[in-house]
Every structure is written in structure tokens, then in C-alpha cells.
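[1] Compute the structure for the input listed below.
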Amino acid sequence: MTELIIVDHEAKAGELYARCVADLIKGKPDTVLGLATGSSPLAAYAALASTVKAEHIDMSRVRGFALDEYAGLDPSHPQSYRSTITRTVVEPLGLDPALVHVPNGDPATIMDAGRAYDAAIEAAGGVDVQILGIGTDGHIGFNEPGSSLASGTRIKTLTQQTRRDNARFFNDDIDQVPTHCITQGIGTILKARHLILLAFGEQKAEAIAQTVEGGICSLWPASALQLHPHATVIVDDAAASKLHHADYYRWAYDNKPAWQGI
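    Below is the predicted model:
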């Protein structure tokens, strides 16, 4: 089953992610990281940056692949995911920008961009650790409800709910939020060797309950994590508030051998 870890605050979730990734990079200097945007991963990136600095970890060979990008938004736009990844991941971690890839949302080439992106991930040896956030409707990446659980990277139409949720990044103006994106598919995401999903706040509680304890279905895209052999979901108390077996998850984690990590 998917491992569910309930923490007191986002900082603790970030520490768990940072320890996992830092130890991996020490043993595999050319680690491939799957990168997500949004608010949920920020504590994880901040914790990893602090760990990298404190432990003098060489990041020069670490590679990265972003989950998604808006279609038709100039990469230099401050809310493009290229800009966001540069600002929140590449610069704080000291990554080589040439080794960090973001799907190409140029409408002129987007027809073939998905296949090219999946091929690039495969050529890099696949993603070692993929960090994920989750939407209030259960989407991961930009795989909206109804997305194929076997899908590859492709163009998608954003739901109005997702556009409303993301309007906060565009001066609270939904009209500025693009209607389309290019996103890694669920099938692409499931190929990563370790998935770490972070979720905080009561607004994510229903999505987390469906992801971990509901049936596997395309209406809750993140439920596909139940099919993965190494998926870790880290949430705070608010996001865990609708879980039926929260007490068991706490018990299991409290009694987990330290050598297993996450």
C-alpha cells in the first residue's frame, strides 16, 4: 500500500524529503529529480537547499525534469514553470540550468513535445525521485479528473477549478491563467522509482482520502499512486482529517525501522 506519513507541520515534511534526496545524491551524484511547482513542494526544496549547504553536497551533476508547463506562456514570464523552477529549485540548490528540463509549451511545436519529453526522460535513465503536489480535485501534474492512468506527456485542457486555484499566481485574475498546458502523463509519473506526494491544509483532505483509501479511478488521478511499488504520501493533520485509518498510519510510521527511511 502507499505509505502515509502524518506530520505536525510542513517543515517536517520538507526535512523527510531532504534527507531522502540528499542521501540519494551522495550515493548517486547524477541523480535525476522529478520537479513540481505550486506551494506544497516549497518547504521540501528549502529543506534540501539547507541540507546541501550544511553537508557540502556536490550538485553539479544532478539532473531535473519538471512535471509540466503552461501552453503559450513565454518561458520568461514570472509564472511560467520554467521561471518558477529556476527561482525555487535551480538557484537555491545550485543546479546546472543546462541539466534541468521543462516541457516545451510553445504552441508551434507542442504537438510533438510530449513524445520528445518522455524520450528525454528515458534517455536520462528515468526519474529517481518525483516530488508531487495534489490539486483539490485530485490532479497530479496537470492530469485533471478523467485523465488516462496510462497517459504519457501531452497537452491538456485545464479545468476551471484548476484555473481558479492558480489565479492566485496571476494577480487573482483567472483571465490571465492559460487554458492549456503540457504535462507529464500519469503513466510517465508512475515510471519514476520513488514518488513523494506532499499535501497540507484541510482543502486537500478529500483528495488525500480518495488518493490513499479510495478506489483507483481516473476521476481521482492521484489514486494511481496505489499502483506504485514505492509511493510516499506526507501530509499534515488537516490534510489527514478525512482518513479513516489515520491512527494506523501514525502507528505504522512510529514503529517503522529507522533503516527503511521513506
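
[2] okay, CA-based contacts and neighbour counts for the rest of this
    OK.

[3] buried ones in the longest helix that the chain contains?
    Looking across the chain with DSSP state H, the single longest helix is helix 10-27. By neighbour count on 16 or more other C-alpha atoms under 10 Å, the buried set for helix 10-27 is 10, 12-19, 21-22, 24-25.

[4] Please render those residues as JSON lines that adds pLDDT to the earlier fields.
    Shown next, in JSON lines, are the buried residues of helix 10-27 (pLDDT from 0 to 100):
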{"residue": "10", "pLDDT": "96"}
{"residue": "12", "pLDDT": "97"}
{"residue": "13", "pLDDT": "98"}
{"residue": "14", "pLDDT": "98"}
{"residue": "15", "pLDDT": "98"}
{"residue": "16", "pLDDT": "98"}
{"residue": "17", "pLDDT": "98"}
{"residue": "18", "pLDDT": "98"}
{"residue": "19", "pLDDT": "97"}
{"residue": "21", "pLDDT": "98"}
{"residue": "22", "pLDDT": "98"}
{"residue": "24", "pLDDT": "98"}
{"residue": "25", "pLDDT": "98"}
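
[5] mind listing the strands for the protein?
    3-7, 32-35, 63-66, 68-70, 100-101, 129-132, 154-157, 180-183, 194-199, 231-236 (DSSP state E).

[6] which one of those strands lies closest to residue 169?
    Among those, the nearest to residue 169 by C-alpha to C-alpha is strand 68-70 (12.7 Å).

[7] Low-confidence regions, the stretch 51-200 of the chain specifically.
    By pLDDT under 70, the stretch 51-200 of the chain has no low-scoring segment.

[8] Which residue ranges of it form helices?
    81-85, 91-93, 110-123, 160-166, 186-189 (DSSP state H, counting those that start in this stretch).

[9] wait, which of these is closest to residue 55?
    Nearest to residue 55, of those and by C-alpha to C-alpha, is helix 91-93 at 12.4 Å.

[10] Need the residue closest to the centroid of this protein.
    residue 132 (2.0 Å; C-alpha atoms, centre = their mean).

[11] Next, work out how far apart the closest residue in space to that one that isn't next to it in sequence and residue 97 are.
    Leaving aside its sequence neighbours, residue 132 sits nearest to residue 197 (C-alpha to C-alpha, 6 or more residues apart in numbering; 4.4 Å). Note on residue 197: its distance to residue 97, by C-alpha to C-alpha, to the nearest Å, is 24 Å.
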